[in-house]
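Chemist: here's my sequence, what's the structure:
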Amino acid sequence: MDRLQSMRIFAKVVELGNFARAAQALSMSKAVVTRYLADLENHLGTRLLNRSTRKLSLTETGQVYIDRVRTILSDIDDADAIASYAAKKPSGTLRIYSVPQFGKAQLGPLLPEFARHYPDVVLDVKITDRHVDLVEEAIDVGFYLDVQKVDGDMVSRKLATSEILLCASPDYLAKHGTPATPEEISQHLCLNPSYDFLRDNWMAFDKRIGRDSYRSIPIQSQVISNNADMLRACALAGMGLVLRPSFQVGDDLAMGRMVRLFPEHCFGALSVSMVYPSRRQLSAKVRRFVDFIASKFPHPEEDVWMRHCIHRVCEEKLRALGISHPARMRIVGA
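Modeler: Next up is the predicted model:
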């Protein structure tokens, strides 16, 4: 029995939850896949999968085994990639994790560019709010916000700072009016992330005065959700005021789909970091990806999304004035 082949087949069956789909993905017959799994279970002397006519499920032993198998297969892929490093041709599967609000807004535009440079790398991207252990789940690179806990044995590389912005759609402001002071936020409908510390109050301070001007503003929630995309969609639909990081709403502000309120006030900020395990030498695929992402964020202390937003607004204004090459102009103070 080819143990490595059996492990790969077992991992694919678990991933797809079905012998037929696994067989199709591996270009094998269902009978061959079934035989490999039976031989593996016979070799181990234990059942790995519970089989029924409708679905497969892991046994308790199978769950422990698949966790180790994924790590082993990842290490083998990394060994292959390291061996090819000298040829400067990264290959294999690169497993990436990100929180949804950053992954959907920012990784989407970046990953196609990386794929064009390194077509032999398969990108396996996991976008989830669930806490992910990079080592246990054999993830190569993760993208975290500073509100998340990162294990101390990880390499954490800060990419950028993202300011939390108070925004609303033009339609909402036209219908309900624009608050003149932060205290008037209490009179408006708010779209709220489901964090206990934001459930009843939003915090802000006047940048011109400093942190001593911190105030707690009571709010009334129209929508409460743990999903960032839901809050943004509700804000765009004119349902209320929303607090969102600049990396999620920068383009909305630049295109006029949303309006920023009280820019002289600070409602908080988030740091975005790239995290990867330090327990082994970086493979070619991981090293190339880490370097690629770092090159896109050369100034970790800067809010690159607000800079981009300012440039977009200025470009539109210059085009309206008939200036055809606004990108050549330096935007002072951006």
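Chemist: and the nearest residue to Gly240 once chain neighbours are set aside, what are its phi and psi?
Modeler: Nearest residue to Gly240 in three dimensions, chain neighbours excluded: Leu189, at 3.6 Å (Cβ to Cβ, 6 or more residues apart in numbering). The C-beta positions use only the backbone N, C-alpha and C, and glycine is treated the same way. With angles defined as degrees, to the nearest 10, Leu189 sits at phi -80, psi 140.
Chemist: contacting residues for Leu189?
Modeler: His176, Gln220, Ser221, Gln222, Met239, Gly240, Leu241 (Cβ atoms under 8 Å, 6 or more residues apart in numbering).
Chemist: which of these fall within strands?
Modeler: Members of the contacts of Leu189 lying in strands (criterion: DSSP state E): Gln220, Ser221, Gln222, Leu241.
Chemist: quick one on the thing from earlier: farthest-apart pair in the contacts of Leu189, please.
Modeler: Across those, the longest distance by Cβ to Cβ is 15.0 Å; it joins His176 and Ser221.
Chemist: so where's the stretch 101-250 of the chain uncertain?
Modeler: 147-152, 196-197 (pLDDT under 70).
Chemist: chain center to stretch 131-150, what's the gap?
Modeler: The chain centroid and the centroid of stretch 131-150 are separated by 10 Å, computed with Cα atoms, centre = their mean, to the nearest Å.
Chemist: report the buried residues of it.
Modeler: Residues of stretch 131-150 classed as buried under the neighbour-count rule (16 or more other Cβ atoms under 10 Å) are Val132, Leu134, Ala138, Ile139, Asp140, Val141, Gly142, Phe143, Tyr144, Leu145.
Chemist: out of those residues, the closest to Asp39 would be?
Modeler: Distances from Asp39 to these, taken by Cβ to Cβ, are shortest for Ala138, at 24.1 Å.
Chemist: residues contacting the closest one?
Modeler: Contacts of Ala138 (Cβ under 8 Å, 6+ apart): Arg70, Thr71, Leu73, Ser74, Arg95.
Chemist: is the second one located within a strand, as I assumed?
Modeler: No. Counting by DSSP: H, G, I helix; E, B strand; the rest coil, Thr71 is not found in a strand; it is helix.
Chemist: roughly how far apart are it and Asp133?
Modeler: Thr71 is 11 Å from Asp133, where distance means Cβ to Cβ, to the nearest Å.
Chemist: among the ones in strands among the contacts of Leu189, the buried ones, what's the ChimeraX command?
Modeler: Here is the ChimeraX command that selects the buried residues among the ones in strands among the contacts of Leu189 (16+ other Cβ under 10 Å):
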select :221,241
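Chemist: residues touching Asp232, list them.
Modeler: Heads up, residue 232 is Arg, not Asp. Applying Cβ under 8 Å, 6+ apart, we find Arg232 in contact with Val242, Arg244, Gln248, Val249, Asp252.
Chemist: quick one, grab the pLDDT at the last one.
Modeler: Read it as Asp252. Per-residue confidence (pLDDT) for Asp252: 91.
Chemist: give me the number of neighbouring residues for Leu123.
Modeler: By the criterion of other Cβ atoms under 10 Å, Leu123 has 16 neighbours.
Chemist: can you tell me the SS state at it?
Modeler: Under three-state DSSP, Leu123 comes out as strand.
Chemist: go ahead and confirm it touches Ala115.
Modeler: Yes. Using Cβ atoms under 8 Å, Leu123 is in contact with Ala115, at 6.4 Å.
Chemist: list the buried residues of the helix or strand containing Glu15.
Modeler: Taking DSSP states H and E as the definition, Glu15 sits inside helix 3-16. For helix 3-16, the neighbour count (16+ other Cβ under 10 Å) marks Ser6, Met7, Arg8, Ile9, Phe10, Ala11, Lys12, Val13, Val14, Leu16 as buried.
Chemist: leaving out chain neighbours, which residue sits closest to the last one?
Modeler: Right, the one you point to is Leu16. Ala22 (5.0 Å).
Chemist: again, but for the second one
Modeler: Once its chain neighbours are removed from consideration, Met7 has its nearest residue in Val69; the separation is 4.8 Å (Cβ to Cβ, 6+ apart).
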